[in-house]
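Asker: Give me a 3D structure for the following:
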Amino acid sequence: MFRSDGNVFSFSGNVGDDPLPTLAALHTVLMKQGYQDVVLDFSNATFVSAPFMLPIIVMCRKYRLDGLDFELILPTLSTGARLLQNTDWAYLIDSENYGSMATANRRNLSATVFENATQAHAAVDTSIRMMMGLVTGLDRNRISALQWAIDEVVDNVLNHAASPVGGIIQVMTYPKRRQIEFYVCDAGMTIPRSLRQSEYGYDNDAIALRQAINEGVTKNKKTNRGNGLYGTFRCCEVSGGEFDILSGRVALRNRPESRYHRASTVVNTATIPFNGTFVRACINWDYNRLLEEALVFRGRAHTPSFDIIEKYYEADDDSMLFKALEESPSFGTREAGREARYKAENLMDNFTIAVTFDFAGVHVISSSYADEVFGKLLVELGEDKFNTLCRFTNMDRTVKLLIDRAIRQRLPEAPQSGS
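Answerer: Coordinates of the predicted model:
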């Protein structure tokens with residue numbers, strides 16, 4: 001809920017997922033009533049969501065181009081205050097009073113602005129590498145499909161939206177649910193408007209948005225294949241996830257089949273427009289044929305080229321190169337060790353690919369870190385497989401002693417060959 005009193009917007013309780021009434025009120029206060037600044041007061045808010053916040057953020061950034069200003073007041077509730085800060089929502093609205101928390105957020109990609117391809121794909125890479133350290137059970141196909149899905153949506157912003165403030169991407173990982181959820185938002189040309197300029201010439205916004213998630217639909221077939229939104233939508237659909245778009249006056253909502261409802265895709269028209277596009281995609285990565293079934297174009301399976309594994313991890317000897325100094329935030333805790341072990345397990349691609357651990361520049365690690373990574377890998381793999389899949393290079397003498405000790409201590413727990 002929210003109410004406005006002059007240029008002060010007060011939010012209370014569960015703010016919900018619909019940003020349109022707030023955006024309409026902002027337009028009235030700034031463009032019609034002539035206020036030069038707005039206070040967004042979340043002190044009484046108990047829950048705020050990304051589908052609400054990201055459209056608000058991009059429009060605040062757009063208004064700032066005209067010299068308008070925004071102040072944000074954090075929720076009194078400590079969990080709400082941490083959420084607005086850790087996601088960088090507070091920073092992106094009111095950087096004068098709040099600093100960025102992006103580098104401190106190790107579990108999710110905070111809301112991140114991108115204005116060019118380098119920034120966009122760096123943000124996507126960061127989010128996937130974070131995810132690899134949070135969960136196990138990923139293989140290369142799933143990692144490639146997830147990276148492709150996010151990349152394609154941010155590319156749409158760069159190639160079609162002409163947003164004066166670029167775009168914003170945010171990625172959340174839910175290990176217990178085995179889901180990744182990402183959001184991309186811009187303040188540029190809407191999807192229906194873009195398709196009106198195409199050969200299709202859709203004059204109905206609802207039809208245009210519904211067609212946008214179909215294979216091969218694009219503004220310009222000479223330069224684009226029209227597989228971006230379609231492929232991302234299919235990743236959500238085949239895995240039993242969810243997919244939402246808000247663009248201009250229309251909103252698309254796709255939900256999977258459940259015990260009580262059939263699978264459905266619904267497009268609604270709103271009375272209040274959003275001058276941009278917001279995409280929410282929820283993908284269940286546990287689905288074991290995500291790449292093979294989702295990324296099928298013109299009847300043929302698509303394998304993404306130059307994926308994140310090739311970009312960062314492939315070594316010349318067909319192993320995966322794990323540069324410890326780059327992949328571990330620290331070497332002193334079990335939590336840091338668990339993140340490193342999860343990444344290593346995922347790089348092993350169902351325990352079929354060797355990983356070379358490069359400890360260049362690392363001069364000391366804790367015993368708990370060594371045990372969490374290498375002791376537990378030994379127990380998981382068994383001694384023979386551990387010796388085959390785990391290789392080491394550039395090891396400081398102290399580091400080697402600590403890893404060897406962790407391995408020796410875990411040997412009685414390791415399954416033996418043939419057992």
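Asker: So which residues of the stretch 1-150 of the chain form helices?
Answerer: Secondary structure of the stretch 1-150 of the chain (DSSP state H, counting those that start in this stretch): helices located at 20-27, 50-64, 78-86, 89-93, 117-132, 140-156.
Asker: Ok, which of the ones you listed comes nearest P164?
Answerer: Evaluated over the helices of the stretch 1-150 of the chain, closeness to P164 peaks at helix 50-64, with 6.3 Å, by Cβ to Cβ. (C-beta placed from N, C-alpha, C; glycine too.)
Asker: Format the helices of the stretch 1-150 of the chain as JSON lines; extra columns: mean pLDDT.
Answerer: Compiled in JSON lines, the helices of the stretch 1-150 of the chain are given as follows (pLDDT from 0 to 100):
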{"stretch": "helix 20-27", "mean pLDDT": "96"}
{"stretch": "helix 50-64", "mean pLDDT": "97"}
{"stretch": "helix 78-86", "mean pLDDT": "96"}
{"stretch": "helix 89-93", "mean pLDDT": "98"}
{"stretch": "helix 117-132", "mean pLDDT": "95"}
{"stretch": "helix 140-156", "mean pLDDT": "93"}
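Asker: thinking F359 is in contact with M395, fair?
Answerer: Yes - with contact defined as Cβ atoms under 8 Å, F359 reaches M395; the gap is 4.9 Å.
Asker: Any idea which of the helices of the stretch 1-150 of the chain gets closest to I403?
Answerer: Among those, the nearest to I403 by Cβ to Cβ is helix 117-132 (21.3 Å).
Asker: Check which residues of the closest one are buried.
Answerer: 119-121, 123-132 (16 or more other Cβ atoms under 10 Å).
Asker: ditto for stretch 369-385
Answerer: Buried positions in stretch 369-385, judged by neighbour count with 16+ other Cβ under 10 Å: 369-383, 385.
Asker: what's the spacing between it and its chain's center?
Answerer: Centre-to-centre, stretch 369-385 and its host chain are 30 Å apart (Cα atoms, centre = their mean, to the nearest Å).
Asker: Compute the first-to-last residue distance for it.
Answerer: Separation of the first and last residues of stretch 369-385 by Cα to Cα, to the nearest Å is 21 Å.
Asker: cool, stretch 27-39 as well?
Answerer: With Cα to Cα applied, stretch 27-39 spans 14 Å between its terminal residues.
Asker: again, but for stretch 352-371
Answerer: By Cα to Cα, one end of stretch 352-371 lies 22 Å from the other end.
Asker: Any regions of the chain where pLDDT drops low?
Answerer: 198-201, 218-226, 417-419 (pLDDT under 70).
Asker: Which other helices and strands does the longest strand that the chain contains contact?
Answerer: Within the chain, and with DSSP state E defining each element, the longest strand by residue count is strand 264-284. Here strand 264-284 touches helix 20-27, helix 50-64, helix 140-156, strand 179-186, helix 205-212, helix 228-238, strand 242-255, going by 3 or more Cβ pairs under 8 Å, 6 or more residues apart in numbering; DSSP states H and E.
Asker: CA atoms of that strand as PDB?
Answerer: What follows is strand 264-284, C-alpha atoms only, in PDB (Å, rounded to 0.1, in the frame of the first residue of the first chain):
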ATOM      1  CA  SER A 264      -1.700 -20.900 -18.900                       C
ATOM      2  CA  THR A 265      -0.400 -17.800 -20.600                       C
ATOM      3  CA  VAL A 266      -2.500 -14.700 -20.000                       C
ATOM      4  CA  VAL A 267      -2.100 -11.200 -21.400                       C
ATOM      5  CA  ASN A 268      -3.900  -8.300 -19.700                       C
ATOM      6  CA  THR A 269      -4.100  -4.600 -20.600                       C
ATOM      7  CA  ALA A 270      -3.700  -2.000 -17.900                       C
ATOM      8  CA  THR A 271      -5.100   1.500 -17.700                       C
ATOM      9  CA  ILE A 272      -1.700   2.900 -16.500                       C
ATOM     10  CA  PRO A 273       1.300   2.500 -18.900                       C
ATOM     11  CA  PHE A 274       4.800   1.600 -17.900                       C
ATOM     12  CA  ASN A 275       7.200   3.500 -20.200                       C
ATOM     13  CA  GLY A 276       9.600   0.600 -20.500                       C
ATOM     14  CA  THR A 277       9.800  -3.200 -20.100                       C
ATOM     15  CA  PHE A 278      10.200  -5.400 -17.100                       C
ATOM     16  CA  VAL A 279      10.900  -9.200 -17.500                       C
ATOM     17  CA  ARG A 280      10.900 -11.700 -14.700                       C
ATOM     18  CA  ALA A 281      12.000 -15.300 -15.400                       C
ATOM     19  CA  CYS A 282      12.000 -18.200 -12.900                       C
ATOM     20  CA  ILE A 283      13.800 -21.300 -14.000                       C
ATOM     21  CA  ASN A 284      14.000 -24.700 -12.200                       C
END
